[in-house]
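Novice: Got a predicted model here, sequence first, then my questions.
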Amino acid sequence: MGYPNKLARLTDEQRALMVKEYLAGATCEALSRKYGCRPHTLREYIKRSVPPGQYRHGSAPVITDALFKQATGMRRNGMARKDIAEQLGVHLKTLEHAFRRRGQTLTTRPFRTRHETLSIIVDCIKAGLSQEEMAKRAGITEASLTTNKYYLDAMKLVGSTQKPAAPEPKPVNIADLSQEERNAIAANAIWRGLERWRGANR
């Protein structure tokens, strides 16, 4: 088997170690710098050398158990496959391979209307949650909150459902009132008393 470029100068042990390092999480770019090989040549060699389904499309990180658990939680919350891959910083195909290797499938997101998504975000705003937490609960990326105007529209809905609080009555100091104002208050109190008395004696 021919190994063009500097890859041919490596020993079998070095090439085996290179594949092992890749499977442990090293990127093709990092390995090409370490072993002095052209990135394209090294990628092609890695692609042929790793077990089926283990190639991570170049620089994508390894889907560890912790990362897979996080992806599973996002999928359970209804987040789209593309958004999950973007948020985790991995290639979509890499993520799909990780699910298949664990005997699962990365299903598509269940359909949710814009109204339903806005309702979730409105509840998050009322609860005082951060935009990051809003995005997680709504099953969208944080960037979608602004690009798709979810946050802006949700804020409008929050404003339309919140009634302005009634102004609290200000305390009145009798000493600050004029004699005319005091007489009006006394007359009003007398009339209120008479009305209650009439109601009680009917």
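Specialist: Yep, it's here. Treat the numbers as computed from the prediction; the structure is a model and nothing was measured. Numbers count the residues shown, from 1 in each chain.
Novice: Which residue ranges of the protein form helices?
Specialist: Assigned by DSSP state H, the helices in the chain fall at 12-24, 28-35, 39-49, 65-76, 81-88, 92-101, 114-126, 131-138, 142-147, 150-161, 179-200.
Novice: and of those, who's closest to residue 55?
Specialist: Residue 55 sits nearest to helix 39-49 of all the helices of the chain, at 5.0 Å, using C-beta to C-beta. (C-beta placed from N, C-alpha, C; glycine too.)
Novice: Where does pLDDT dip in the chain?
Specialist: By pLDDT under 70, the low-scoring segments of the chain are 1-5, 53, 56-62, 89, 107-112, 160-172, 197-202.
Novice: If we use 50, what do you get?
Specialist: 1-2, 58-60, 164 (pLDDT under 50).
Novice: sorry, back to before: with distance to residue 6 and mean neighbour count as new columns, can the helices of the chain be given to me in TSV?
Specialist: Putting these into TSV (distance: least, C-beta to C-beta, whole Å; neighbours: other C-beta atoms under 10 Å) gives the following:
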stretch	distance to residue 6	mean neighbour count
helix 12-24	11	14
helix 28-35	7	17
helix 39-49	8	17
helix 65-76	32	15
helix 81-88	33	18
helix 92-101	27	17
helix 114-126	52	16
helix 131-138	44	18
helix 142-147	41	15
helix 150-161	50	14
helix 179-200	98	10
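Novice: could you dump these to JSON lines with distance to residue 173?
Specialist: Below are these laid out as JSON lines (distance: least, C-beta to C-beta, whole Å):
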{"stretch": "helix 12-24", "distance to residue 173": "79"}
{"stretch": "helix 28-35", "distance to residue 173": "78"}
{"stretch": "helix 39-49", "distance to residue 173": "83"}
{"stretch": "helix 65-76", "distance to residue 173": "60"}
{"stretch": "helix 81-88", "distance to residue 173": "60"}
{"stretch": "helix 92-101", "distance to residue 173": "70"}
{"stretch": "helix 114-126", "distance to residue 173": "39"}
{"stretch": "helix 131-138", "distance to residue 173": "47"}
{"stretch": "helix 142-147", "distance to residue 173": "50"}
{"stretch": "helix 150-161", "distance to residue 173": "37"}
{"stretch": "helix 179-200", "distance to residue 173": "11"}
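Novice: Test my guess that residue 150 contacts residue 143.
Specialist: No. Counting by C-beta atoms under 8 Å, no contact exists between residue 150 and residue 143, whose distance comes to 10.4 Å.
Novice: Residue 131 and residue 37: what is the separation?
Specialist: 43 Å (C-beta to C-beta, to the nearest Å).
Novice: Tell me the spacing between the closest residue in space to residue 54 that isn't next to it in sequence and residue 49.
Specialist: Excluding the flanking residues, the one nearest residue 54 by C-beta to C-beta, 6 or more residues apart in numbering is residue 23, at 6.3 Å. Using C-beta to C-beta, residue 23 is found at 10 Å from residue 49.
Novice: cool, and residue 177?
Specialist: 94 Å.
Novice: do residue 159 as well
Specialist: Distance from residue 159 to residue 49, by C-beta to C-beta: 59 Å.
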